[in-house]
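> please work out how this folds:
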Amino acid sequence: MDDLEFRKTATIDPDNQDPEFLKKKQQNQYNRHFTHEQQRFNQKLQDTLTIAAPENLTDRVILSQQLSQHKREHLKKRQKKWRNRFIRSVAASVIIAFSAYLLIPVTINSAQLAQDVITHVHEDTHALNVRMDVPKSSIDTMLASYGGKLEGPIGQVSFLGHCIVGGHTGIHLVLNTAQGLVTVILLPTQSINQPSSLADSQFNGVLYPSQKGSIAIIAEHTKSVEDTRQKINQNLHWII
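Residues are numbered from 1 along each chain as shown. Purely as a prediction, here's the structure:
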């Protein structure tokens, strides 16, 4: 099992018990950390989907059934059609509400988020060691799940994956540029009010507000950060 297949399996089924997957998981600290992040993300989804039933729902259903029994046949048919439309409407409302819960940005402290980003880049060293040529179709698919779209090229992408920064999910990309590798982290559910610099002994970068959420760009060379920022701003658009 190669690294790409492992990450794909861990994203879809982090609790997979296949011996080959388990062996790959124990291969290094990064694989264990990545699997743990996916398990945490799945647990959050399950917790979100646990929606309590409305109060007195049983009594209301029984009452509705008793009343319908006293109506004439043609009224029963009309009521059945109405009930079907109502159920579909409620189901659609639940889906919309759940999607909004996951995708609507939450405003947070930019300095704290900047520190979380730097920490994540140092922990996810595997992303900087991958040497792939990620197809645009894969990037488009992942962006679409958050309501994003690329209108033009941003450069050669050597790594693409989900990530968790500050307790929220995002998209982690690594671009292979003339000045070296550049990490781009898209955080569509985390909004900030003002830009924040990212800097330590190894990396420089910037965290700034986007049309949806925020974007972090980190590299060892300042010029590559600014060049990548221009490409991202020109070609990345959020459609929802």
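> please count neighbours and contacts with C-alpha atoms only from this point.
OK.
> could you pull out the helices for this structure?
Counting by DSSP state H, the chain has helices at residues 3-12, 19-25, 29-49, 57-68, 73-103, 110-123, 126-129, 136-144, 222-235.
> by mean pLDDT, show me the worst of those helices.
In terms of mean pLDDT, the lowest-scoring of these is helix 73-103 (a mean of 57).
> outline the domain layout of the protein.
With domains defined by automatic domain parsing, the chain comprises 3-49, 57-103, 106-238.
> buried deepest among those, which one?
The highest mean neighbour count among the domains of the chain, using mean count of other Cα atoms under 10 Å, belongs to domain 106-238: a mean of 18.
> distance from that domain to the middle of the chain?
Offset of domain 106-238 from its chain centre (Cα atoms, centre = their mean, to the nearest Å): 13 Å.
> for stretch 232-240, same thing?
Distance, stretch centre to chain centre, for stretch 232-240: 16 Å (Cα atoms, centre = their mean).
> residues in contact with it: which ones?
Stretch 232-240 is touched from outside by 147-154, 211-212, with contacts defined as Cα atoms under 8 Å, 6 or more residues apart in numbering.
> could you do stretch 127-138 as well?
Outside stretch 127-138, the residues touching it (Cα under 8 Å, 6+ apart) are 156-160, 174, 181.
> with stretch 110-122 instead?
By Cα under 8 Å, 6+ apart, the residues outside stretch 110-122 that reach it are 165-166, 183, 192-199, 207, 216.
> now do 6 Å
166, 192 (Cα atoms under 6 Å, 6 or more residues apart in numbering).
> pick out the most distant pair among the contacts of stretch 127-138.
Using Cα to Cα, the two most remote members of the contacts of stretch 127-138 are 160 and 181, lying 13.2 Å apart.
> closest one to residue 4 out of the contacts of stretch 232-240, please.
For the contacts of stretch 232-240, the nearest to residue 4 is residue 154 (21.6 Å; Cα to Cα).
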